[in-house]
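Asker: Model the structure of this input:
(one chain, ligands or ions: 2)
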Amino acid sequence: MLQAFYTKPEPDLRVAAFCELNRARLARLTEFYVTEQVIDFRRAQFVTSAPDIHHLPEDSGMEIAFAGRSNAGKSSALNTLTDHRGLAHTSKRPGRTQLINVFRLTDDKRLIDLPGYGFAKVPLEMKLQWQEKLAQYLEERRCLKGLVVLMDIRHPLKDLDHNMIRWGVAAGMPVLVLLTKADKLKQAEKQKTLRTVKAALAELEGEIVVQLFSSLKGTGREPALKVLTEWFDRHDGEALIEE
Ligand SMILES: Nc1nc2c(ncn2[C@@H]2O[C@H](COP(=O)(O)OP(=O)(O)O)[C@@H](O)[C@H]2O)c(=O)[nH]1
Ligand SMILES: [Mg+2]
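Answerer: Numbering: from 1, shown residues only. Ligands and ions are numbered 1, 2, ... in the order given. Model (predicted):
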């Protein structure tokens, strides 16, 4: 009996296979976390303008959506972030982006320019139609993993912005708030607005980062890219663990 206890047991093949699998997974995870993940935002490419979610690419991989009032500077910000002047169409006339614009970064990573909300000068029926489209994207798109909310620094935190940020937090999503057109204000005013917005959003107790942004000057580009890269990485890491 005692001898049996001390003899090396026959290796259980199932256990061995399990260990082997875990070793391989661990190696991949280690490689993932020690190598710095680089996403080249400059390689962004326009994929499609979808009238609704049924015309979007397959709901897999990961998307980060850009939301904001019409004229907040969404398209300009996308162009600045991707260093690609003509990627998203900018417009002096608010309310031009009524489609869901899709930009591809890699096979499984996309940036989404959502239709702007809160545009006053369109018939109510059209407004409701757009809001419906927006809501459907937010609620049904499973690959949506992060939300960027853009607000003109001179008019921050309107009701619809608040709703959008609250929605992101409630959905368990990280939110990056960009106070756009920061070049329009003096240094002291900028910092004051930044503090006020941060304080107001702290109450939501979500994963919210607030920062200044100017597409004109390039201000805030690097920190914003860092946040987006971290979200993409986090999701890649989670996907590896779930494998
Ligand atoms: N001064 C300044 N103007 C900007 C900035 N970003 C956007 N704009 C202007 O604001 C207007 C609306 O920009 P756009 O990106 O089309 O807004 P969208 O409707 O949110 O996509 C355009 O006339 C832009 O040139 C910025 O950082 N600084
Ligand atoms: Mg636009």
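
Asker: Every contact and neighbour count from this point should use C-alpha atoms.
Answerer: OK.

Asker: which residues does residue 224 contact?
Answerer: Applying Cα atoms under 8 Å, 6 or more residues apart in numbering to residue 224 gives the contacts 81, 176, 211.

Asker: quick check, nearest of those residues to ligand 1?
Answerer: When the contacts of residue 224 are compared for distance to ligand 1 (Cα to the nearest ligand atom), residue 81 wins out at 11.5 Å.

Asker: so that closest one touches residue 39, yeah?
Answerer: No. Under the criterion of Cα atoms under 8 Å, residue 81 is not in contact with residue 39, lying 11.9 Å apart.

Asker: Any idea how many residues pack against residue 78?
Answerer: Using other Cα atoms under 10 Å, residue 78 is surrounded by 25 other residues.

Asker: And for the one 5 residues further on?
Answerer: The number of residues packed around residue 83, counting by other Cα under 10 Å, is 17.

Asker: Give me the nearest residue to it, chain neighbours excluded.
Answerer: If the residues on either side of it in the chain are set aside, residue 83 comes closest to residue 42, at 5.7 Å by Cα to Cα, 6 or more residues apart in numbering.

Asker: cool, residue 86 as well?
Answerer: Using Cα to Cα, 6+ apart, the nearest residue to residue 86 is residue 79, at 6.7 Å.

Asker: what sits against that neighbour?
Answerer: For residue 79, the contact set (Cα under 8 Å, 6+ apart) comprises 85-88.

Asker: Buried members of the residues you listed into PyMOL, please.
Answerer: Applying 16 or more other Cα atoms under 10 Å to these, the buried members can be selected in PyMOL as follows:
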select buried, resi 87+88
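
Asker: and which of the contacts of residue 79 is nearest residue 186?
Answerer: Taking Cα to Cα as the measure, residue 186 lies nearest residue 85 of the contacts of residue 79, at 25.6 Å.

Asker: Let me know the pLDDT of that closest one.
Answerer: As predicted, residue 85 sits at a pLDDT of 83.

Asker: same deal with residue 98?
Answerer: Listed pLDDT for residue 98 reads 77.

Asker: thought it was touching residue 130?
Answerer: Yes. Between residue 98 and residue 130 there is a contact at 7.1 Å, judged by Cα under 8 Å.

Asker: which residues are in contact with both of the two?
Answerer: residue 115.

Asker: Counting by contacts, list what the helix or strand hosting residue 194 packs against.
Answerer: Residue 194 is part of helix 187-202, with elements assigned from DSSP states H and E. Helix 187-202 is packed against strand 208-212, with contacts defined by 3 or more Cα pairs under 8 Å, 6 or more residues apart in numbering; DSSP states H and E.

Asker: What segments of the chain are helices?
Answerer: Assigned by DSSP state H, the chain shows helices spanning 2-6, 13-34, 74-82, 124-140, 159-170, 187-202, 221-242.

Asker: nearest to ligand 2, of these?
Answerer: Checking these against ligand 2 by Cα to the ion gives helix 74-82 as the closest, at 4.2 Å.

Asker: and the angle from the closest one to helix 221-242?
Answerer: The directions of helix 74-82 and helix 221-242 differ by 80 degrees, with axes from the mean of the first three to the mean of the last three Cα atoms, to 10 degrees as the criterion.

Asker: Pick out the residue nearest the middle of this protein.
Answerer: In the chain, the residue lying closest to the centroid (Cα atoms, centre = their mean) is residue 64, at 2.8 Å.

Asker: Would you confirm that that one contacts residue 142?
Answerer: No. Using Cα under 8 Å, residue 64 is not in contact with residue 142; the gap is 11.2 Å.

Asker: interface residues of the chain facing ligand 1?
Answerer: Residues of the chain found near ligand 1 (Cα under 6 Å from any ligand atom) are 70-76, 90-92, 94, 180-181, 183-184, 214-216.
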